[in-house]
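# Okay, predicted coordinates and the sequence, questions at the end:
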Amino acid sequence: MRNLVAITTSCLLLFSACAGTSPPRGQVVRLQHFSDENAAPLSAPTGKTEAIYSQKIVELPLSEADAAVFHFSMGQAYSLDNDPPHAIESFRATLVHDPKSALVRARLAAELVKINEFVEAKTLCEEAIAIDPKYLDSYLLLAGIQVAAKEYEGAVATYRRALKVDATNRDALLYVGVTLAELGKFKEGSDYLEKLVKLKDSSESNIDRSVAYYYLAKIQEQAGNKDAAMRALQSALQYRPGFPKAALSLADIYLARKEESKANETLRAAFRESQSSDLAERLAEIYLEKNDYKGAIVYLETLVEEDPSNENMKLRLALVYWQLKWLDKARFLLTDLYHRYPTSSEIVFYLGELEADAENFEAAISFYKKISPDYAKYEQMVSRVAYLYRQAKRYDEAEAFLLEALRKRPDVVAFYPVLAALYEDQAKTEDARLSLERGEKLFPADENILYYLGFLYDRVGEKQKGLETMERLLKINPDNANALNFVGYTLLEQGNDIVTAAKHIERALALKPDDAFVLDSYGWLLYRQAKHQLAARALEQATRIKPEEAVIAEHLGDVYAALKLTRKALAMYERALSLGGDEEFVARVETKKNNVQQVLAETDRRPVYQIREGRRPSSQR
């Protein structure tokens with residue numbers, strides 16, 4: 001309810017600050033409230049008023065009456081320009097010539113409120129009421145000041161005094177109801193709002209029935225009367241179908257009731273009527289949360305059209321266009337933002353990503369290279385550029401780019417494995433190792449570097465060094481599944497410690513049950529344990545996950561051979577050879593293939609025993 005009171009208080013103070021904007025001629029000297037009989041001979045200046053006092057042709061009027069009107073007009077003009085200090089000075093000057101005006105006191109009080117001078121403003125309102133008890137603006141402004149000071153009981157009393165002057169005053173009925181609700185007097189507050197909703201709408205007030213029903217709903221909701229609140233909001237939307245606040249509040253109630261479709265339809269219907277940016281923002285969020293980018297487009301476009309200066313919303317719309325592969329639209333918005341903010345790493349990053357997605361290699365690289373090293377996605381960008389260079393086999397440029405990135409940001413651990421992978425592309429194994437060892441010195445506990453380095457040691461024949469590196473990794477993280485699998489498989493191949501090998505592999509399987517390489521190690525462990533049927537199941541699953549892995553096909557071929565599924569074994573060996581490998585691998589699998597082919601040839605030469613008719617086994621007779 002505090003938010004509700006804050007909203008209504010600010011509305012009240014704003015209303016009071018804007019009241020009585022036409023400077024009337026006073027009777028004798030005093031300025032009175034504007035009326036048809038009291039027409040204004042002067043109109044408030046428009047535009048900035050700073051130059052008015054500097055113009056030599058302007059002279060102060062000689063008579064008291066004209067002086068009062070002159071200063072009041074200046075105060076009004078300054079107020080319209082949102083210049084409280086000058087407006088205050090002008091209204092104080094007005095009081096010099098018209099010391100008994102309730103209107104001027106109220107206007108001066110309203111300007112003082114703008115600069116948080118509440119004590120003097122309150123005093124002026126009380127003086128205005130004493131001078132003219134029928135001038136309602138004084139009551140409303142005084143009550144608003146009391147609410148701002150959390151003097152709720154005093155504010156209620158002031159509003160009730162205003163209602164004695166005019167029992168149908170919309171502002172007083174609304175604000176007294178809301179203030180009573182703040183005091184927990186929901187029934188009394190609702191009663192005032194019920195009176196307000198029965199009044200016919202008037203063009204002289206912004207508080208129509210839709211507003212009245214909206215605040216009635218907020219009070220009912222605060223009191224826990226959700227059904228009554230819902231009915232009031234529906235009434236508010238009936239009187240004003242595009243009322244954004246009412247639609248948002250009603251949607252929230254539907255959502256609390258798990259009626260999402262009703263909530264969304266309420267918002268869409270209100271948006272069709274009002275094109276409200278508040279509704280557009282909520283609807284855009286709803287569609288984006290569901291990854292329904294097409295559904296979000298109309299609302300994001302509305303937000304951009306409503307506020308073309310909202311660069312964040314433009315960027316968001318561009319990214320949604322991109323998701324939909326509407327690359328031209330995305331490029332247009334991003335390029336416009338780039339021209340406005342050419343040094344923004346965020347914008348050039350997305351332009352680089354967009355051009356990379358569109359396979360415009362050179363354009364992507366040119367944008368990526370504009371990104372600052374301290375940008376949050378700098379690491380991601382460097383990896384992306386290195387990948388693009390590697391795909392194009394432009395290894396020298398990739399190396400130069402990575403080395404420059406390392407010079408700028410030696411603290412980014414991911415750059416060292418990327419550089420090592422680049423060297424491996426060029427069969428520069430020693431350079432790859434040096435890159436990883438450099439990274440290891442700077443980041444001795446980084447799991448990715450240690451795993452890659454151990455794997456590389458193993459590949460170049462330094463098996464023991466590779467094993468030691470992986471075991472060091474496991475001391476840092478005993479649950480690193482890849483390292484567990486590596487150590488377990490290596491021990492299994494060495495044949496020295498099958499128990500430890502099994503322990504590591506089974507732990508890796510528990511951590512990554514659907515990893516093809518872990519399943520391969522597990523299947524190979526079962527094979528070594530002569531559990532051939534179980535081994536076949538594990539290796540078949542590994543093959544389904546990773547059909548392009550030659551070693552897995554070889555292992556499955558070995559298991560099929562052990563199960564005397566010779567033709568299946570031959571098929572696996574042929575697949576392994578088709579997938580390729582180094583010379584040692586090819587030679588090994590060729591030998592196995594020849595062996596099973598020989599077995600098949602011998603089987604085919606054996607005579608097939610024919611059961612003659614009448615000599616069938618007794619079980620088939």
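Yep, it's here.
# same for whichever helix or strand residue 346 is part of, what does it pack against?
Using DSSP states H and E, residue 346 maps to helix 345-357. When contacts are defined as 3 or more CB pairs under 8 Å, 6 or more residues apart in numbering; DSSP states H and E, helix 345-357 sits against helix 311-323, helix 327-340, helix 361-368, helix 378-391. For glycine as for every other residue, the C-beta is placed from the backbone atoms N, C-alpha and C.
# Can you check which of those helices gets nearest to residue 403?
Of all the helices and strands packed on helix 345-357, it is helix 378-391 that lies closest to residue 403, at 10.9 Å by CB to CB.
# what's the helix or strand hosting residue 533 packed up against?
According to DSSP H and E, residue 533 maps onto helix 532-545. Packing partners of helix 532-545 (3+ CB pairs under 8 Å, 6+ apart): helix 516-528, helix 550-562.
# just the angle between it and helix 516-528, please?
With axes from the mean of the first three to the mean of the last three CA atoms, to 10 degrees applied, the angle from helix 532-545 to helix 516-528 works out at 160 degrees.
# Can I get helix 532-545 as CSV, trimmed to CA atoms?
What follows is helix 532-545, C-alpha atoms only, in CSV (Å, rounded to 0.1, in the frame of the first residue of the first chain):
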residue,chain,number,x,y,z
HIS,A,532,32.2,-60.3,-23.0
GLN,A,533,28.5,-60.0,-23.1
LEU,A,534,28.5,-57.0,-20.8
ALA,A,535,31.4,-55.6,-22.7
ALA,A,536,29.5,-55.8,-25.9
ARG,A,537,26.5,-53.8,-24.5
ALA,A,538,28.8,-51.1,-23.2
LEU,A,539,30.7,-50.8,-26.4
GLU,A,540,27.6,-50.9,-28.6
GLN,A,541,26.3,-48.0,-26.5
ALA,A,542,29.6,-46.1,-27.0
THR,A,543,29.4,-46.7,-30.7
ARG,A,544,25.9,-45.3,-31.0
ILE,A,545,27.0,-42.2,-29.2
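# What residues of that helix count as buried?
For helix 532-545, the neighbour count (16 or more other CB atoms under 10 Å) marks 532, 535, 536, 538, 539, 540, 541, 542, 543 as buried.
# now do stretch 407-419
Neighbour counts over stretch 407-419 (16+ other CB under 10 Å) mark 412, 414, 415, 416, 417, 418, 419 as buried.
# so the last one touches residue 435, yeah?
Yes - applying CB atoms under 8 Å as the test, residue 419 and residue 435 come out as touching, 4.6 Å apart.
# rewinding a little: now the helix holding residue 346: buried residues?
Neighbour-count burial for helix 345-357 flags 345, 347, 348, 349, 350, 351, 352, 353, 354, 355, 356 (criterion: 16+ other CB under 10 Å).
# try stretch 322-339
For stretch 322-339, by 16+ other CB under 10 Å, it's 322, 326, 329, 330, 331, 333, 334, 337, 338.
# related to what we said a few turns ago, in helices only, show me the buried residues of stretch 407-419.
415, 416, 417, 418, 419 (DSSP state H).
# The fourth one against residue 383, yeah?
Yes - the pair residue 418 / residue 383 is scored as a contact, 5.6 Å apart, by CB under 8 Å.
# and the helix or strand in which residue 137 is found, what does it pack onto?
According to DSSP H and E, residue 137 maps onto helix 136-148. If you count contacts as 3+ CB pairs under 8 Å, 6+ apart, helix 136-148 packs onto helix 2-18, helix 102-114, helix 118-131, helix 152-165, helix 170-182.
# for that helix, what is the average pLDDT?
Averaging pLDDT along helix 136-148 yields 93.
# the inter-axis angle of that helix versus helix 152-165?
Angle of helix 136-148 versus helix 152-165, following the same axes, to 10 degrees, is 160 degrees.
# can I get the CA coordinates of helix 136-148 in CSV?
Extracted in CSV, the C-alpha atoms of helix 136-148 (Å, rounded to 0.1, in the frame of the first residue of the first chain):
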residue,chain,number,x,y,z
LEU,A,136,-10.2,23.4,-2.5
ASP,A,137,-6.6,23.4,-4.0
SER,A,138,-5.3,24.6,-0.6
TYR,A,139,-6.8,21.6,1.2
LEU,A,140,-5.6,19.1,-1.4
LEU,A,141,-2.0,20.4,-1.4
LEU,A,142,-1.9,20.6,2.5
ALA,A,143,-3.2,17.0,2.7
GLY,A,144,-0.6,15.9,0.1
ILE,A,145,2.2,17.5,2.2
GLN,A,146,0.8,15.7,5.3
VAL,A,147,0.8,12.3,3.5
ALA,A,148,4.4,12.9,2.4
